[in-house]
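J.: Below are the sequence and a predicted model; questions follow.
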Number of protein chains: 2
Amino acid sequence: MENRILKYLSNYTTITEDLEKAIYESAFFKSYKKGTVLLKEGDFSNECYFILEGCIRSYFLRDGEENTIEFYTEEQVVTPTNFGKPIPSPYYLECLEDTVVNVGNPTVEKEMFQKYPQLESLSRVIAEVILNKQQASFAGFKTSSPEERYLNLLKTRPDLLQRASQRQIASYLGIKPESLSRIRKRLMNK
Amino acid sequence: MENRILKYLSNYTTITEDLEKAIYESAFFKSYKKGTVLLKEGDFSNECYFILEGCIRSYFLRDGEENTIEFYTEEQVVTPTNFGKPIPSPYYLECLEDTVVNVGNPTVEKEMFQKYPQLESLSRVIAEVILNKQQASFAGFKTSSPEERYLNLLKTRPDLLQRASQRQIASYLGIKPESLSRIRKRLMNK
DNA sequence: ATTCCTTCTTAACTTAAGTCAATGTGGTGA
DNA sequence: TCACCACATTGACTTAAGTTAAGAAGGAAT
């Protein structure tokens, strides 16, 4: 199991044996059942996650509606906004499936960064990569129609359509469930 | 002038005197005239910028149209995607005004990070803050109408409406210039 | 000053998403 | 098993953005 983290990190640099061992030893796992809420809007966040199995959704409420921000799946990192800080979370985190994660906390993170500066360097690189990816998807979102966004999702993350409800997918695409339903119908007849 | 960088960085941690001196000494400035293209789509990027004065816009072409990704203004950092890597840039960078920047390059960045690990740590923190901000604006974008997005821009970055053309603003808002024109008209009569 | 070009605005029309409401469907729990 | 509830689909209607086209306004260059 732990290999997945090392595999993930080694996409970015070569990991020293020393660091590999440390990651191994500090690894701390948890399992959650489908539907578990990991973090509530307004609460303080003291955990971050690396997903080994399952799916986590972030969302917030507006006018009573759930607005999906992001879906996180295998080999993705979930670092909540304000992780480790006494500032309320702007969103919920919820498991859409039974989910197995590697859990981190601010204290261990700090210790690890101090002991292995290479790890913090790696974190910087990864944060920048994720930032650029997110900027690219934001740009893609802005320049495409709801239908194009749906088709793009179908192409890039088809698994999500099995894992999440259509309401959740619709809000992720920035549209109403009725519209998604119509888009799907429209595409069926093509 | 250099103070602005230190001021910016000190928003996140206290800067050691040592580091302060190093930043001071490594500071390298450039001025560009309005309209200067700093980076072309497809080119390699070897510079990053901290804006002291002026405005930089990132955009890409699609069907001959310019799609604005972001506007960067005073005290913002512009680190191009693939900065320092032999991978083509996905977008243009252009000065909307006469612009004064502090310029960085991959070599100096690397040296500074090696010499001052605190600086790389700071960069990680800043990257994460920017990432969260961007995620929040993406979420806001998805859940609001073009009119709401315009009103939000008016509230959060009113200066941009003076600095950029309406076409540029419109593409930034993910709409057509005609629509922006109508939205403005609509709001006039309220 | 004139020309040329781009931007901005306006209008008429098309298209698709939002809204509201009704119905069908599937899963959960008592 | 049944009742209930959230989800998904469909239809009728409203609304606003996209499209196309034309004209007005402002700037830059000659």
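T.: Noted; the coordinates are in hand.
J.: Every contact and neighbour count from this point should use C-alpha atoms.
T.: OK.
J.: ok but A:Glu66 is inside a helix, no?
T.: No: residue state for A:Glu66 (DSSP: H, G, I helix; E, B strand; the rest coil) corresponds to strand; a helix is not indicated.
J.: From A:Thr79, how far out is it?
T.: Relative to A:Thr79, A:Glu66 is positioned 20 Å away (CA to CA, to the nearest Å).
J.: do A:Val129 as well
T.: A:Val129 is 14 Å from A:Thr79, by CA to CA.
J.: how near is the closest residue to A:Tyr92 other than its chain neighbours to B:Lys133?
T.: Nearest residue to A:Tyr92, sequence neighbours excluded (CA to CA, 6 or more residues apart in numbering or on different chains): A:Lys40, at 4.5 Å. Note on A:Lys40: its distance to B:Lys133, by CA to CA, is 19 Å.
J.: can you check A:Glu147 too?
T.: 27 Å.
J.: Give me the secondary structure label for A:Phe50.
T.: Reduced to three states by three-state DSSP, A:Phe50 is strand.
J.: Just list whatever residues bridge to it.
T.: For A:Phe50, the beta-bridge assignment (DSSP bridges) gives partners A:Val77, A:Asn102.
J.: Assess the claim that it and A:Asn102 are in contact.
T.: Yes: under the criterion of CA atoms under 8 Å, A:Phe50 makes contact with A:Asn102 at 5.0 Å.
J.: Only the C-alpha atoms, please, for the strand or helix carrying A:Tyr8, written as PDB.
T.: Assigned by DSSP states H and E, A:Tyr8 belongs to helix A:3-10. C-alpha atoms of helix A:3-10 as PDB (Å, rounded to 0.1, in the frame of the first residue of the first chain):
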ATOM      1  CA  ASN A   3       4.300   2.100  -2.300                       C
ATOM      2  CA  ARG A   4       1.600   4.300  -3.800                       C
ATOM      3  CA  ILE A   5       2.900   7.300  -2.000                       C
ATOM      4  CA  LEU A   6       6.400   6.700  -2.900                       C
ATOM      5  CA  LYS A   7       5.300   6.000  -6.500                       C
ATOM      6  CA  TYR A   8       3.400   9.300  -6.500                       C
ATOM      7  CA  LEU A   9       6.400  11.300  -5.100                       C
ATOM      8  CA  SER A  10       8.900   9.600  -7.400                       C
END
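J.: about what we covered before: so between A:Glu147 and B:Lys133, which is more surrounded?
T.: The neighbour count for A:Glu147 versus B:Lys133, taken as other CA atoms under 10 Å in any protein chain shown, is higher for A:Glu147 (17 against 13).
J.: Tell me the pLDDT of A:Glu2.
T.: Here, the pLDDT recorded for A:Glu2 equals 53.
J.: check contacts around A:Met112.
T.: By CA atoms under 8 Å, 6 or more residues apart in numbering or on different chains, the residues touching A:Met112 are A:Leu119.
J.: To clarify, my last question referred to A:Phe138.
T.: B:Phe138.
J.: does it count as helix, strand or coil?
T.: helix.
J.: can you pull the pLDDT of it?
T.: 98.
J.: Kindly provide the distance from it to B:Thr36.
T.: 25 Å.
J.: cool, A:Glu120 as well?
T.: From A:Glu120 to B:Thr36 the distance is 36 Å (CA to CA).
J.: from what I can see A:Leu93 touches A:Ile56, true?
T.: Yes: contact criterion CA under 8 Å: A:Leu93 and A:Ile56 qualify, at 6.6 Å.
J.: which residues sit in contact with the residue nearest to A:Thr143 when sequence neighbours are not counted?
T.: Counting by CA to CA, 6+ apart, A:Thr143 lies nearest to B:Gly174, which is 6.1 Å off, once chain neighbours are set aside. Taking CA under 8 Å, 6+ apart, we find B:Gly174 in contact with A:Lys142, A:Thr143, B:Pro146.
J.: Please report phi then psi for the residue of chain A found nearest chain B.
T.: Closest approach of chain A to chain B (CA to the nearest CA) occurs at A:Arg124, with a separation of 4.3 Å. When read as degrees, to the nearest 10, the backbone of A:Arg124 gives phi -60, psi -50.
J.: interface residues of chain A facing chain B?
T.: A:67, A:69, A:81, A:117, A:120-121, A:123-125, A:127-128, A:130-132, A:134-135, A:138-139, A:142-143, A:172-174 (CA under 8 Å from any CA of the partner chain).
J.: and if we set it to 6 Å?
T.: A:Ile69, A:Arg124, A:Leu131, A:Ala139, A:Lys142, A:Gly174 (CA under 6 Å from any CA of the partner chain).
J.: Going by distance to A:Tyr12, which of the residues you listed wins?
T.: A:Arg124 (10.8 Å; CA to CA).
J.: Now the closest one. Nearest residue, chain neighbours left out?
T.: B:Arg124 (4.3 Å).
J.: doesn't A:Ile126 make contact with the one you found?
T.: No: in this structure B:Arg124 lies outside contact range of A:Ile126 using CA atoms under 6 Å: 9.1 Å.
J.: Thanks a lot, see you next time.
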